[in-house]
Structures are given as structure tokens and as C-alpha cells.
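*Asks:* sharing a sequence plus its predicted fold:
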Amino acid sequence: MASISNISLIHQSRFSTLYNRNRNGHSITTSRANHLEFPPLPKKIELSERVKFSRVDRILNRRAIFDFCIATKAAASDAEGHEIELSNGFAKPSKSFSERFPALVTGFFFFTWYFLNVIFNILNKQVYNYFPYPYFVSAIHLLVGVVYCLISWGVGLPKRAPMSKELLGLLTPVAFCHALGHVMSNVSFAAVAVSFTHTIKALEPFFSAAASQFILGHQIPLPLWLSLAPVVMGVSMASMTELSFNWTGFISAMISNISFTYRSIYSKKAMTGMDSTNIYAYISIIALLFCLPPAILIEGPKLMQYGFKDAIAKVGLTKFLSDLFWIGMFYHLYNQVATNTLERVAPLTHAVGNVLKRVFVIGFSIVVFGNTISTQTGIGTGIAIAGVAMYSLIKANMEEQKRKDAQKTRAS
């Protein structure tokens, strides 16, 4: 490796040096490596001397061009802040950190995804312990994310993609299902233990497969259906002996599963050329508009009478506002990082990572909140997670095979 300072030495030694040679008393002077000045030749110069002169001229010109290429490439690369690597006489920028250590960077993305998700679930449940208003809190989640997106657009990171009437029509049902699923998840989080809500939400693949089979008309292979049997059985076992069980939390989590299933269906219909960051920003804005009316109508009177006052009396105004801000920020960031992680890895890796994420959330929530679970609930949760893992592996392998078959078809 050579830094740009080394290239400057090359430049000084090869570009600024004057080449002086004597041929039978005649001097050859070069002010630059690519510009040669010759004094008038004597009338009786030998043919061999002419040949020697022409050879010297060609050598010096080739060397000057070669040096100029190196210096130009080095200067361009240095302007971008990269080190310079000289390979076989040519300058080229070195690889970036992510290119040299792809596994390390991908692992960092997974760690960040898990960390943000766990922190969000813990803070979210802590807020519900003293402020049990899930409709209002759901709206705050989206509001903080929308403000974040607007600021990002304002500074051009990313550049805002234009919205058309046609695209708005495609994204509206996606945003509605996103809003309904998000609100119902939070209703469940407020009503039962976080670990139990995530156990119920493990049924989401079952609803997705059912919708694909009976609504979209896609044929679901038998192995995929069989892999879902442990999920249903595990959730049933966990529900029967869950100490925090109540019907509000259970039904809300089930509605959330159905809503996110329809969100996936409408998302496929709304596939556009817009990047995922802009799509998610627009969905968040529209979903916020859907969340505000129920938050105002259902919880608004209670909040104005005693909701805000009770929360501030328990934890103080500063902590109350800080908690609302941070749960909204963590909610937006973990969803964004999950999308970025999916773009870096294969569907199979992401599917396995998603299952492990649920295990992390369930485990950490039990430890942090000290939830007591029965043996049957623990076994049922483990069976459900194992079933989700099998389903994810089988489905990811099927999608990978479809992709390879499509590539072979296009190649032929």
C-alpha cells in the first residue's frame, strides 16, 4: 500500500526532473517528461545517432505517459479519502471496510436489529405499566417515525421520491393494515406479558399460508403445512397455562396476525420502483392518519381527564415525554434496520434471524420483567418457535429454488 504522499514523491522525481544526456557533445533537455526540446542537429549526423535519438524520445514519452496515469489515478482516489494501492504499476483504491469484512458488517446489522427490538419491547412494556393507553402510544410510535422521515428528507438522506395518485391508491390499503396490526399488537402488549404476545404472534406464518392458499389461490406444498402444525400446537399449549392470559390480549394479537398477513398481500400488489426507505416513510405517514382518529375518540376523553396527569404524577413530565420519544424512535429504527438487514442477506438467513429475534425478545422480557411461566408454557413456546424455524427454512429454500429456476429460464 502506498499513500498519496508516496505518489507525490513519484511525481516530483519523475515529472520535475530534467533529463540531461550528451550525445557527441549535444545536450538533450526536457522541461517536462512529456515535452522534449532538442537543439538543431548537425548537418553530418550519423544515421545510427538518429535511431538512438528516436528511441530515447519514445522511451521518455512512454515513461511520462505512464507516470501521468499513476499520478492522475492516485490524485482522484485520494480526493475520495481512500488509500492508494499500486499493483503492477497501476494505482487503485483499496477496498472499503464492508468489502473486506462482509461477515463482520452483516453480524453488526443483526446485532443492531436485535438490540433495538429488545430495547423497544422492554421500554414499551414499561410505559404501559404506568400509562395503559395503547391507541395513543401506537400513534406516538408512528408520529416520531414520521418526524424522523421528514427530517431525513429535509437533509436529502434519502432524497424524497415523488408521490403520485396511483401510488397513493396502492399504498393506502398497505398502510391501513400496517396501522391496524400495529395498534392491535400494542393492545396485546398492554394487556398481557410481552413473551405471551410474541408467542401468539408466532402464528403469523400460519395465517400467511392460509391467505396464500385460499385468497390468492397459490398452492402451498404439504411440507409447508406440516411444518405449521408444531406452531399451532405450541401456541395452544402456551395459551392454556399462561398466567397473564386474558381474551383482550389474545384476540388483539390474533387480529394483528391477520392484519399483517393482509399487509403482505397488498404489499405485493403495490410493488414499485421506489426504494424501501421512501416506501416505509410514506406508509408510516398514511398509517399515522389512520391511527389518530381511534386514539382521539377511544382514549382522548380519558387522557384529558386523568391519563396524562396520572402518568406525570408517577414518573414526572421529563421522563414521561422522554419515554414516549424513545419508544417511537426505537420502533422506527428497528424496522428500518430490519429492512436494511434483509437487503444484505439471503431470504434463508433473514428467516432464521427473524426466528432468533423472537427468541431473544421472549427471553429478555422474561428476565427483565421477572414473568413467572409454567413448565407447559415454556415447552409450548419452545415448540412454537421450533415450528416457525422449520416453516421459515422450508419456505426460504422454496423461494431460492424458484429464483434459480427463473435464472435458468432467462439464461436459456
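*Replies:* Received, thanks. No experiment lies behind these values; they were computed from the predicted model shown.
*Asks:* looking at this, T372 is in a helix?
*Replies:* No: applying DSSP: H, G, I helix; E, B strand; the rest coil, one finds T372 to be coil, outside a helix.
*Asks:* run a quick neighbour tally on the closest residue to it other than its chain neighbours.
*Replies:* Excluding its sequence neighbours, the residue lying closest to T372 (CB to CB, 6 or more residues apart in numbering) is L243, at 6.0 Å. The way it works is simple: take the backbone N, C-alpha and C, and place the C-beta from them, glycine included. Counted with other CB atoms under 10 Å, the neighbours of L243 add up to 12.
*Asks:* with G316 instead?
*Replies:* Neighbours around G316, by other CB under 10 Å: 11.
*Asks:* please apply the same query to F111.
*Replies:* 11.
*Asks:* helix, strand or coil for it?
*Replies:* helix.
*Asks:* so how far is E99 from it?
*Replies:* With distances taken as CB to CB, to the nearest Å, F111 is found 20 Å from E99.
*Asks:* quick one: what helix or strand has the residue nearest to T372 in it?
*Replies:* Under DSSP states H and E, no helix or strand contains L243.
*Asks:* same thing with the one 10 residues further on?
*Replies:* Assigned by DSSP H and E, A253 belongs to helix 247-269.
*Asks:* quick one: residues contacting the nearest residue to R344 once chain neighbours are set aside.
*Replies:* Excluding the flanking residues, the one nearest R344 by CB to CB, 6+ apart is T106, at 5.5 Å. For T106, the contact set (CB atoms under 8 Å, 6 or more residues apart in numbering) comprises 341, 344-345.
*Asks:* could those residues go into CSV alongside distance to W247?
*Replies:* Listed next are the contacts of T106 as CSV, based on distance: CB to CB, whole Å:
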residue, distance to W247
T341, 35
R344, 40
V345, 38
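*Asks:* any chance of those residues in a markdown table, plus distance to I296 and secondary structure?
*Replies:* Putting the contacts of T106 into a markdown table (distance: CB to CB, whole Å; DSSP: H, G, I helix; E, B strand; the rest coil) gives the following:
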| residue | distance to I296 | secondary structure |
| --- | --- | --- |
| T341 | 35 | helix |
| R344 | 40 | helix |
| V345 | 41 | coil |
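*Asks:* most neighbours among these, please name it.
*Replies:* Counting by other CB under 10 Å, top hit in the contacts of T106: T341 with 21 neighbours.
*Asks:* thought that residue was touching G107?
*Replies:* No: with contact defined as CB atoms under 8 Å, T341 and G107 do not form a contacting pair (10.3 Å).
*Asks:* and P158, that one's in a helix?
*Replies:* No: read with three-state DSSP, P158 is coil and lies in no helix.
*Asks:* what's around it, how many residues?
*Replies:* Neighbours around P158, by other CB under 10 Å: 14.
*Asks:* could you find the closest non-adjacent residue to it?
*Replies:* T277 is the one closest to P158 (CB to CB, 6+ apart), at 5.2 Å.
*Asks:* give me the element the one you found is part of.
*Replies:* T277 belongs to helix 276-294, assigned by DSSP H and E.
*Asks:* show me what that helix is packed against.
*Replies:* helix 134-154, helix 165-191, helix 317-344 (3 or more CB pairs under 8 Å, 6 or more residues apart in numbering; DSSP states H and E).
*Asks:* let's see 10 Å
*Replies:* helix 134-154, helix 165-191, helix 247-269, helix 300-302, helix 317-344 (3 or more CB pairs under 10 Å, 6 or more residues apart in numbering; DSSP states H and E).
*Asks:* quick check: next helix or strand after the second one?
*Replies:* Put plainly, it is helix 165-191. Immediately after helix 165-191, counting by DSSP H and E, sits helix 194-200.
*Asks:* just the mean pLDDT for the helix or strand following that following helix, thanks.
*Replies:* Note on helix 194-200: by DSSP H and E, the next helix or strand toward the C-terminus is helix 204-214. Mean pLDDT, helix 204-214: 81.
*Asks:* ok, stretch 241-252 next?
*Replies:* 84.
*Asks:* check stretch 329-337 too.
*Replies:* Mean predicted confidence for stretch 329-337 is 90.
*Asks:* who's in contact with that stretch?
*Replies:* Where contact means CB atoms under 10 Å, 6 or more residues apart in numbering, the residues beyond stretch 329-337 that reach it are 109-124, 137-138, 140-149, 182, 186, 276-277, 280-281, 284, 357.
*Asks:* which of those are buried, as a PyMOL select command?
*Replies:* Typed into PyMOL, the line below selects the buried ones among the contacts of stretch 329-337, using 16 or more other CB atoms under 10 Å:
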select buried, resi 109+110+112+113+114+116+117+118+119+120+121+122+123+124+137+138+140+141+142+143+144+145+146+148+149+182+186+277+280+281+284+357
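*Asks:* out of everything not next to it in sequence, what's closest to the residue nearest in space to the middle of the chain?
*Replies:* Using CA atoms, centre = their mean, the residue of the chain that lies closest to the mean C-alpha position is N340, 1.1 Å off. Nearest non-adjacent residue to N340, counting by CB to CB, 6+ apart: F109, 6.3 Å away.
*Asks:* pLDDT score for the one you found?
*Replies:* 85.
*Asks:* surely the residue nearest to P158 touches A161?
*Replies:* Yes: counting by CB atoms under 10 Å, A161 is a contact partner of T277 at 9.0 Å.
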